[in-house]
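1. what follows is a predicted protein model with its sequence.
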Amino acid sequence: MVFGEHLALYRGPDGAPVAAQDRCLHRAGMLSKGAVRDGCLECPYHGWTYGSQGKLERVPSMGDASAPGGRRLPGPEALERDGYVYVRFELGPENFEPFRMPHWGEKGWGHVRLTNVFKNDVTNCVENFVDIPHTSFVHRGLFRSPKRQKLTASVERANGSVVTRYHGETDNLGIYSWFLNPSGREISHVDSFHMPNVTCVEYEFGPRRRFVITSQSVPAEGGKTTVHTDLAYDYGIWNWIAGPLVRRAGQAVIDQDLEILAAQQEVMRRTPGEFSHSPADVIHVMIESVRRDLEAGRDPRRLPGMSQEIEFWV
Ligand code: FES
Ligand SMILES: [Fe+2]
C-alpha cells in the first residue's frame with residue numbers, strides 16, 4: 001500500500017520488478033493473492049496471466065487461443081535499487097533518483113532490514129528518527145539516559161537536505177556503550193534528512209566500529225507510514241555474529257518509537273495545534289520547511305541555504 005494505492009508486486013520473466021494495480025482486468029480478482037509462475041502473475045480467480053510490464057499473456061478459458069492483445073495492468077513505474085523496489089507515481093520532480101543505501105554491497109559491512117508501520121505521518125516519523133532529546137526518555141537505558149550532558153551541533157539546510165553534525169559526544173549510548181565505544185573517545189555523529197522521506201543516522205566510534213541507520217518513510221493510507229529501516233554495521237571481527245543482535249536491538253528501539261508516535265498522532269487528532277520549539281528543534285523546523293515546500297508542489301532544492309549552531313543537553 002503506497003499513497004493509498006494497493007499494489008501487486010512481482011518479477012516478470014526478465015526478472016525486472018512490476019508494480020501493478022492490485023485489481024485483475026477480468027473480474028477484479030485480488031492479484032496480490034495470486035501466484036507467480038515462470039515470471040508471470042496468475043490471478044487467483046480465473047487464472048488470467050500477466051507478464052512483463054503487466055501485459056496480459058494468457059486467458060485460460062480461451063484455451064490455446066492467444067490472449068486479446070493490447071491489454072495491460074495499470075500501475076506505477078518500478079525500479080530496483082540496493083535491494084529495494086521503488087515505485088514512481090506521477091508525483092514530484094522529474095528525474096529524481098532513489099537515495100542510495102549507504103555501504104550496500106561494500107566489503108566489511110553487514111545489513112539488517114526491518115519494516116514497520118507507524119501510526120503517524122511521514123513528517124513526524126522522519127523528525128523522530130533524527131531527534132536526539134527523545135532518546136533519553138523514550139529509549140531510557142536502552143539507548144541513552146538523561147545525564148545533563150551538553151552537546152553542540154551545526155545544522156545546515158541545503159539542496160533539499162538537512163544535515164546535523166554533532167560535537168562533544170563520548171558516551172551515553174545506553175547498554176551497548178561498552179561495546180560500541182570502549183575507549184570513550186569523541187564519537188563522530190551525523191544525522192541527515194534527504195527529501196522527500198529519507199533519514200540517515202551515522203555513527204563512527206573508530207575503525208571497525210561504525211553503524212548507519214537509514215530509514216525510508218513511505219506514506220501508506222489513513223495517516224499511516226510504512227518505514228523501511230536499513231541497519232548497516234561494520235563491527236570488524238564481530239560482524240559475523242552481529243546480525244541477530246542488531247536486529248533485536250533495532251526492533252526493540254523501534255517498538256518504543258511505534259508507541260510514542262501513535263500516541264502523538266492520537267493527541268494531534270484530538271487537539272490540533274501548533275508546536276513550540278527549543279533550540280534542539282531547529283532541525284525539525286528546517287525539515288518542516290522542506291516538507292512544506294514539497295507539499296505545496298515546489299522544489300525545496302531551490303530554497304536558500306541556511307545554517308545554525310545549536311547547543312542542548314541530553
Ligand atoms: S478476476 Fe482475475 S481471472 Fe477472473
Ligand atoms: Fe526513537
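-> Now that the structure is in, tell me what you want to look at. Ligands and ions are numbered 1, 2, ... in the order given.

2. where's the closest residue to residue 118 other than its chain neighbours relative to ligand 1, distance?
-> Nearest non-adjacent residue to residue 118, counting by C-beta to C-beta, 6 or more residues apart in numbering: residue 225, 4.7 Å away. Quick note: C-beta positions are derived from backbone N, CA and C, even for glycine. Note on residue 225: its distance to ligand 1, by C-beta to the nearest ligand atom, to the nearest Å, is 31 Å.

3. how about residue 64?
-> Residue 64 is 17 Å from ligand 1, by C-beta to the nearest ligand atom.

4. can you pull the phi/psi pair for that residue?
-> phi -90, psi -10 (degrees, to the nearest 10).

5. coming back round to it: right, and the residue nearest to residue 118 touches residue 215 too?
-> No: Residue 225 is beyond contact range of residue 215, at 10.0 Å (criterion: C-beta atoms under 8 Å).

6. joint contacts of the two?
-> Both residue 225 and residue 215 are contacted by residue 125, under the criterion C-beta atoms under 8 Å, 6 or more residues apart in numbering.

7. report the buried residues of stretch 290-307.
-> Buried residues in stretch 290-307, counting neighbours by 16 or more other C-beta atoms under 10 Å, are found at 290-291, 293-294, 300, 303.

8. what residues does the residue in the stretch 151-300 of the chain positioned nearest to ligand 1 make contact with?
-> The stretch 151-300 of the chain approaches ligand 1 most closely through residue 221 (23.2 Å), counting by C-beta to the nearest ligand atom. For residue 221, the contact set (C-beta under 8 Å, 6+ apart) comprises 1, 3-4.

9. leaving out sequence neighbours, find the closest residue to the residue positioned nearest the centre of the chain.
-> Nearest to the geometric centre of the chain sits residue 216, at 1.3 Å (C-alpha atoms, centre = their mean). The spatially closest residue to residue 216, leaving aside those adjacent along the chain, is residue 228, at 4.7 Å (C-beta to C-beta, 6+ apart).

10. check for me that the one you found belongs to a strand.
-> Yes: using DSSP: H, G, I helix; E, B strand; the rest coil, the assignment for residue 228 is a strand.

11. show me where pLDDT drops low in the chain?
-> The chain contains residues with pLDDT under 70 at 91-94, 144-146, 171-184.

12. which residues in the stretch 201-314 of the chain form helices?
-> For the stretch 201-314 of the chain, the helices defined by DSSP state H, counting those that start in this stretch cover 239-270, 282-295.

13. I'd like these laid out as TSV, including distance to residue 117.
-> Output for the helices of the stretch 201-314 of the chain, formatted as TSV (distance: least, C-beta to C-beta, whole Å):
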stretch	distance to residue 117
helix 239-270	8
helix 282-295	20
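
14. of all the contacts of residue 221, which comes closest to ligand 1?
-> Among the contacts of residue 221, and counting by C-beta to the nearest ligand atom, the member closest to ligand 1 is residue 1, at 20.1 Å.

15. might one say that the closest one is in contact with residue 220?
-> Yes: using C-beta under 8 Å, residue 1 makes contact with residue 220 at a distance of 4.8 Å.

16. touching both of those two, which residues are there?
-> Joint contacts of residue 1 and residue 220 (C-beta under 8 Å, 6+ apart) are residue 226.

17. between the two, which one's more packed in?
-> Higher neighbour count among residue 1 and residue 220: residue 220, with 19 against 15, using other C-beta atoms under 10 Å.

18. pull the contacting residues for that one.
-> Shown in contact with residue 220 (C-beta under 8 Å, 6+ apart): 1-2, 4, 117, 226.
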